[in-house]
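Participant: The following block contains a protein sequence and its predicted model.
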Amino acid sequence: MNKIIKNAAILTAITLVSGLLLGLVYEITKNPIAVSQEQAKQNAYKQVLSDAKEFKEEKDFDTKKAEEALKTAGVSGCYVKGAAEALDANGKTLGYVVTTVSKEGYGGEIEISVGILSDGTVNGIEILSINETAGLGMKAAEPAFKDQFRNVKTEKFEVKKDNPSGNVDALSGATITSRAVTSAVNAGLAYYQNVLGGSVNE
């Protein structure tokens, strides 16, 4: 009986020490990770709207409004994480960067930043997070695929495999990834059009 109690006490002590160590590691790494993530986000903003001198985060981001915007536009399997107003050196609005996530990637969620100019032109996209198949879906992060979303003015993007008159060539062997990224871009457009008051009219 004493041996059982002794073993239980040892296990409890090990568990407590492990928990304390994990908590300590978390506290030590929490801030550096947050700083790194913020830096990656700012770099992505500059990639999609390089002429901007400042990015002003949308402070009153409303999740419900975002959901309604996507529903109105018929965009599913995605959600919006936030948006930032892109300003030039004189404080004039150049456009917006909308951060969106597709939940329908082959390897999980795909997070992107969509740069949209004030006239509704998609200026470019940048992948923030992706975990697709190497050599296939991971090619979505390469310029050959991303550049299909550069300097394009449209109400929505469509993969040509789904619509022959679409404007996005799917990655070979990675149609699911191609659709997921395209949907995420459309989510950004929907938020811009329905919440930020944007337009894609000529």
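Facilitator: Received it, and whenever you're ready, just let me know what you need.
Participant: so where's the chain shaky on pLDDT?
Facilitator: 1-2, 25-27, 29-38, 40, 198-202 (pLDDT under 70).
Participant: Going by residue numbers, what spans are helices in it?
Facilitator: Using DSSP state H, the helices found in the chain span residues 2-48, 63-73, 143-146, 175-194.
Participant: Return the most buried member of those.
Facilitator: helix 175-194 (a mean of 25; mean count of other Cβ atoms under 10 Å). Quick note: C-beta positions are derived from backbone N, CA and C, even for glycine.
Participant: can you give me the offset of that helix from its chain's centre?
Facilitator: Mean-position distance between helix 175-194 and its chain equals 10 Å (Cα atoms, centre = their mean, to the nearest Å).
Participant: Could you list the alpha-carbon positions for it in CSV?
Facilitator: In CSV, the C-alpha atoms belonging to helix 175-194 read as follows (Å, rounded to 0.1, in the frame of the first residue of the first chain):
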residue,chain,number,x,y,z
THR,A,175,-7.5,21.4,-57.5
ILE,A,176,-8.7,21.4,-53.9
THR,A,177,-5.9,23.8,-52.8
SER,A,178,-6.6,26.0,-55.9
ARG,A,179,-10.3,26.2,-55.0
ALA,A,180,-9.5,27.0,-51.3
VAL,A,181,-7.2,29.9,-52.1
THR,A,182,-9.6,31.2,-54.7
SER,A,183,-12.4,31.1,-52.2
ALA,A,184,-10.3,32.9,-49.6
VAL,A,185,-9.6,35.7,-52.2
ASN,A,186,-13.3,35.9,-52.9
ALA,A,187,-13.9,36.2,-49.1
GLY,A,188,-11.7,39.2,-49.1
LEU,A,189,-13.5,40.8,-52.0
ALA,A,190,-16.9,40.1,-50.4
TYR,A,191,-15.8,41.8,-47.2
TYR,A,192,-14.4,44.8,-49.2
GLN,A,193,-17.6,45.1,-51.3
ASN,A,194,-20.2,44.6,-48.5
